[in-house]
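>>> pasting the structure only:
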């Protein structure tokens, strides 16, 4: 076993170990609801919603950096005016890869949710949801360079990694007074704790993907007839890793009539020991577009020159079923 073999083995082992604390995260916590909590699937004002998000991070630190893409589609089904409840169905795809080897994960997931209005007067809702996911970790060795003395893998047999997973979530929301809304939610990911290894042939045993616990709270309130503020806080804990994100958006209503929604928002957030996030958001009726930028303030800032990540998202909701004209749509406190 030569030096190159040992180095390769250590690199792959490091990647496998790091999987215990790696989940995709976004700075726009109120824009990627369905991915962040399966209970918020189809928790919208429309029958259908499609969305996409893209995040580019650490370009100044590593070649190609991290490139994250999210695509989702969701539908509200079997709405009942009598029982004031509905079912939600969502499907999604996320890709998170980095470096010249495009090492990373690609995930397909399906969400199911049940939304129930507890109290009509205060628009009091609760929703529960479940996610079924298949995750595939891989890498592309065509760009690997191990020097002129290394012509092959010297017997290292590496396998791609694939596993199935189950997650659960709950979401609660109420409008205690007019034009105000409070919401909170909690989700647990990786309930099955799937086994992880890239080296089945070496029989080194499996690592277990630890559960990730995610919680959040939002408070939306008016500051004038044409403006409002949304305060948000979230926390994510996985193994020995944790993340806290707090901040808010100042939203200006530019609508000309009560039938249209034409809002622009400016946000400022702080992610613990990592970054300050600047956000810009725009909504016109059922179209949402947003931009977020991370300013790195961690110890890595000396290498990154404070450059963190750029994130953009776009969503569009639309109605299909005529009976929705008779049913009050589920209000959503998110911008």
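In hand now; what should we look at? The structure presented is a predicted model; accordingly, all values stated were derived computationally and were not measured.
>>> what's near enough to touch residue 111?
Shown in contact with residue 111 (C-beta atoms under 8 Å, 6 or more residues apart in numbering): 34, 38, 41, 74, 88-92, 129-132. Just so you know, the C-beta spots here come from the backbone N, C-alpha and C atoms, and that holds for glycine as well.
>>> list the buried residues for the helix or strand hosting it?
Using DSSP states H and E, residue 111 maps to strand 103-119. Within strand 103-119, the residues scored as buried using 16 or more other C-beta atoms under 10 Å are 103, 104, 105, 106, 107, 109, 111, 112, 113, 114, 115, 117.
>>> for stretch 184-196, same thing?
Within stretch 184-196, the residues that qualify as buried by neighbour count (16+ other C-beta under 10 Å) are 185, 186, 187, 189, 190, 194, 196.
>>> between those, which is nearest residue 318?
Nearest to residue 318 among those is residue 185, at 24.7 Å by C-beta to C-beta.
>>> so what's the closest one bridging to?
Under DSSP bridges, the beta-bridge partners of residue 185 are residue 171, residue 216.
>>> thinking again about what came up before, ChimeraX command for the buried members of the contacts of residue 111?
The ChimeraX selection below is limited to those of the contacts of residue 111 classed as buried (16+ other C-beta under 10 Å):
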select :34,38,41,74,88,89,90,92,129,130,131
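>>> could you dump the contacts of residue 111 to TSV with distance to residue 56, pLDDT and secondary structure?
TSV is the format used below for these (distance: C-beta to C-beta, whole Å; pLDDT from 0 to 100; DSSP: H, G, I helix; E, B strand; the rest coil):
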residue	distance to residue 56	pLDDT	secondary structure
34	22	93	helix
38	26	97	helix
41	26	96	coil
74	25	96	strand
88	30	95	strand
89	30	97	strand
90	25	97	strand
91	24	98	strand
92	19	97	strand
129	29	98	strand
130	31	98	strand
131	25	98	strand
132	29	97	strand
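>>> which parts of this structure are helices?
Assigned helices in the chain, in chain order: 3-18, 33-36, 301-304 (criterion: DSSP state H).
>>> dump the residue contacts of the closest residue to residue 29 other than its chain neighbours.
In space, residue 29 comes closest to residue 234 once its chain neighbours are excluded; the distance is 5.2 Å by C-beta to C-beta, 6 or more residues apart in numbering. Counting by C-beta under 8 Å, 6+ apart, residue 234 touches 29, 214, 215, 216, 217, 244, 245, 246.
>>> so which pair among those is furthest apart in space?
For the contacts of residue 234, the maximum inter-member distance is 14.5 Å, found between 214 and 246 (C-beta to C-beta).
>>> neighbour-wise, which of these two wins?
Neighbours were counted for residue 214 and for residue 246 using other C-beta atoms under 10 Å; residue 214 has more, 22 against 15.
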